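Engineer: Sequence and predicted structure below; questions after.
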Amino acid sequence: MNRQMNTTGPDRLHSRNSLRQEDPHQARQDHLLAVQQAATSLQAEEDGRMAPRRPLAVYYGPGALPTLAKFARVVVQPGHFTPEKVRWLQRRNVQVLAYLSLGEDPGEDAPWHSGERNPDWNTALVDAAHPAWQAHIYNQVAGAPEYDGYFLDTLDSASRNLRQTRAMLRLVRSVRHWAGVDSYLLANRGFSLLHRLRRVVNGVLIEPLSTTWAGSGQSGSYRIHTPQELHYTEVLVNQARRHRLDIYALDYADTPALRRFAIERAADLGVSTFVTNRELSLPGGYTRVRPRELTGAWRKK
């Protein structure tokens, strides 16, 4: 779920200390690997060759199994995939993660709704401490045992007050217990919580890392982050690296130039990014590339 970048508040304060704790050797290794993967993938697309398997896809549409099979790990909406389709991907060595929103609810009025809403997605912010909400989440986890893990979305919604923060921490730990120690848990942001969850989740997705869809409701446009936002997401990468978590990125684009900017900047930061549209309806991501367009253009002058 694409959200406006917040470069202030608890995430920002905690991140300043994280920048000083980064392991420079690990950062360098991640950078070299990501640059190599990005260069190989982009060159393969330009040459019309088969690109190597990519690390992560985030796809909220139905079907498209052959495309998803090109990724090592995929995030999908459980309602679109039967157990048979999940197993089809798993037989091809794809780890399948089910989308799970822990802080917001798109459904009708329910006792766990807090009375606040996210206008961009018309979802209700929830009371993460409400027993009925916890039971609702348990039923989703228990009802999808075929998945290899879960993509934990809307964690940032809990940062509005201390009570919700504590409740969200307990809920994520409960998901780990319900899913089992072998399940892969990928947090979508939630950086104000990660120092308490670094031994609970396996990885973190930084959304968006470099390019975003900015607007309100259905009105908006794709753009590159501001310089302040680019600096902030670099700080987040360093914080996640300090916590020794797997790091992924998600970016949004509608032109080859924006896509290339996102991929090259992610590689320079030592991470991989999946570039897609706001609706996350492209199983292979946004893939139209014009050779060598915008190469290196993102770098600071």
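Structural biologist: Good, I have the coordinates. On a predicted model such as this, the values are computed, not experimentally measured, just so you know.
Engineer: I figured Leu56 hits Asp246, correct?
Structural biologist: No - look at Leu56 against Asp246 with Cβ atoms under 8 Å: they stay out of range, at 9.3 Å. (C-beta placed from N, C-alpha, C; glycine too.)
Engineer: Give me the more crowded residue out of the two.
Structural biologist: Taking other Cβ atoms under 10 Å, Leu56 and Asp246 do not tie; Leu56 has more neighbours (23 against 16).
Engineer: Tell me the helices and strands packed up against the host helix or strand of that one.
Structural biologist: Element membership for Leu56, per DSSP states H and E: strand 54-58. Judged by 3 or more Cβ pairs under 8 Å, 6 or more residues apart in numbering; DSSP states H and E, the packing partners of strand 54-58 are strand 71-76, strand 246-252, strand 272-276.
Engineer: Turn those into a markdown table, columns for mean pLDDT and distance to Ala98.
Structural biologist: What follows is the helices and strands packed on strand 54-58, written out as a markdown table (pLDDT from 0 to 100; distance: least, Cβ to Cβ, whole Å):
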| stretch | mean pLDDT | distance to Ala98 |
| --- | --- | --- |
| strand 71-76 | 98 | 7 |
| strand 246-252 | 98 | 16 |
| strand 272-276 | 98 | 17 |
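Engineer: Any chance of a markdown table for the ones you listed, columns distance to Val200?
Structural biologist: Compiled in a markdown table, the helices and strands packed on strand 54-58 are given as follows (distance: least, Cβ to Cβ, whole Å):
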| stretch | distance to Val200 |
| --- | --- |
| strand 71-76 | 18 |
| strand 246-252 | 13 |
| strand 272-276 | 23 |
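Engineer: Asn161: which of the ones you listed is closest?
Structural biologist: strand 246-252 (26.9 Å; Cβ to Cβ).
Engineer: could you check the angle strand 272-276 makes with that closest one?
Structural biologist: 30 degrees (axes from the mean of the first three to the mean of the last three Cα atoms, to 10 degrees).
Engineer: residues in contact with strand 246-252?
Structural biologist: 2, 30, 55-56, 58, 186, 202-213, 222, 237, 240-241, 258-259, 262, 266, 270-278 (Cβ atoms under 8 Å, 6 or more residues apart in numbering).
Engineer: and the helix or strand following that strand, what other elements does it pack with?
Structural biologist: Proceeding N to C from strand 246-252, the next assigned helix or strand is helix 256-269, under DSSP H and E. For helix 256-269, the packing partners by 3+ Cβ pairs under 8 Å, 6+ apart come out as helix 24-47, strand 211-216, strand 219-224, helix 227-242, strand 246-252, strand 272-276.
Engineer: can we see that at 7 Å?
Structural biologist: Identification of packing neighbours for helix 256-269 by 3 or more Cβ pairs under 7 Å, 6 or more residues apart in numbering; DSSP states H and E yields helix 24-47, strand 211-216, strand 219-224, strand 272-276.
Engineer: Kindly export the shortest one (C-alpha atoms) in PDB.
Structural biologist: In other words, strand 272-276. Backbone C-alpha positions of strand 272-276 (Å, rounded to 0.1, in the frame of the first residue of the first chain) are rendered in PDB as follows:
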ATOM      1  CA  SER A 272      16.700  -4.600  -4.900                       C
ATOM      2  CA  THR A 273      13.500  -2.900  -5.800                       C
ATOM      3  CA  PHE A 274      10.300  -3.900  -7.400                       C
ATOM      4  CA  VAL A 275       8.900  -1.100  -9.600                       C
ATOM      5  CA  THR A 276       5.200  -1.200 -10.300                       C
END
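Engineer: could you give the angle of it to strand 71-76?
Structural biologist: 50 degrees.
Engineer: what is the orientation angle of strand 272-276 with helix 256-269?
Structural biologist: Using the same axes, to 10 degrees, strand 272-276 lies at 160 degrees relative to helix 256-269.
Engineer: Start at 26, not 1
Structural biologist: Noted, 26 is the first residue going forward, which turns the last one into strand 297-301.
Engineer: Pairing partners for strand 297-301, with directions?
Structural biologist: Using DSSP bridges, strand 297-301 pairs in its sheet with strand 271-277 (parallel).
Engineer: Remind me which helix or strand the residue nearest to the spatial centre of the chain belongs to.
Structural biologist: When Cα atoms, centre = their mean is applied to the chain, the residue found nearest the centroid is Leu230 (3.3 Å). According to DSSP H and E, Leu230 maps onto strand 228-231.
Engineer: Who does that strand pair with, and is each partner parallel or antiparallel?
Structural biologist: Per DSSP bridges, strand 228-231 is paired in its sheet with strand 209-213 (parallel), strand 271-277 (parallel).
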